[in-house]
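*Asks:* pasting the structure only:
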């Protein structure tokens, strides 16, 4: 039985599909293709992929609609590839349910790295373990214990709630508005200074070098991401 991870490409550009197929198969993935949003949704139900690569500019449906339809029944990781590279487009895709966003043209190495991160996140989400580790950081959700280099780190209630949210969505970009809504409530979605303060506090407690973070990463103008181990 073939246990290679399955990736579904939904893109109407033949050259892009061919390039992705060659790159992905060379990296050990099985690949299926679709050229329209409607066909992509059908292929997703038939092939049950481990990850979907999706273009936003499809001939029949906007890619955002496809993401929304997928999220009605599956949590499969979705990486958007698009020539649209504005912050507004990225936020819209992530808000619709995409896990990551990469602008065209893109580097093969970066795409493969983001695929690995997305697949690790999906695998971690399906595991029963309540302990998350990334580099020197260890978070035991059930015991509410946070360690860095095996030393217990004391966090405030808000700091812990924020870190727990990152752990639950490790590897994914979390939008400013989502973080503010989840931690402080729906009336605080524009108070980005709250996030800057608490992210800075967490970095001082968790990072070896807070000025050059390797755990809590900034996605400029969009949000933050908790790094998964390489």
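*Replies:* Ah, there it is. Worth saying up front: this structure is predicted, and the values here are computed from it rather than measured. Numbers count the residues shown, from 1 in each chain.
*Asks:* give me the low-pLDDT residue ranges for this protein?
*Replies:* Along the chain, the model assigns pLDDT under 70 to residues 1-2, 124-129, 230.
*Asks:* got the domain ranges for it?
*Replies:* 6-125, 128-226 (automatic domain parsing).
*Asks:* right, and the helix or strand after the helix or strand where residue 17 lies?
*Replies:* Using DSSP states H and E, residue 17 maps to helix 14-26. Using DSSP H and E, the helix or strand that directly follows helix 14-26 along the chain is strand 30-34.
*Asks:* who's in contact with the residue nearest in space to the middle of the chain?
*Replies:* Closest residue to the average C-alpha location of the chain: residue 172 at 2.6 Å, with CA atoms, centre = their mean. Residues near residue 172 by CB atoms under 8 Å, 6 or more residues apart in numbering: 99-100, 121, 225. All C-beta atoms are positioned from the backbone trio N, CA, C, and that covers glycine.
*Asks:* may I see the buried residues of the top helix by length along the chain?
*Replies:* Counting by DSSP state H, the longest helix found in the chain is helix 108-126. Buried residues in helix 108-126, defined by neighbour count with 16 or more other CB atoms under 10 Å: 111, 114-122, 124.
*Asks:* could you check the angle helix 14-26 makes with it?
*Replies:* Between the direction of helix 108-126 and that of helix 14-26, the angle (axes from the mean of the first three to the mean of the last three CA atoms, to 10 degrees) works out to 60 degrees.
*Asks:* what's helix 108-126 packed up against?
*Replies:* Here helix 108-126 touches helix 14-26, strand 51-55, strand 78-82, strand 100-103, going by 3 or more CB pairs under 8 Å, 6 or more residues apart in numbering; DSSP states H and E.
*Asks:* quick one: buried residues of the helix or strand just after that helix?
*Replies:* Remark: after helix 108-126, the chain's next helix or strand is strand 131-134, criterion DSSP H and E. By 16+ other CB under 10 Å, the buried positions in strand 131-134 come out as 132-134.
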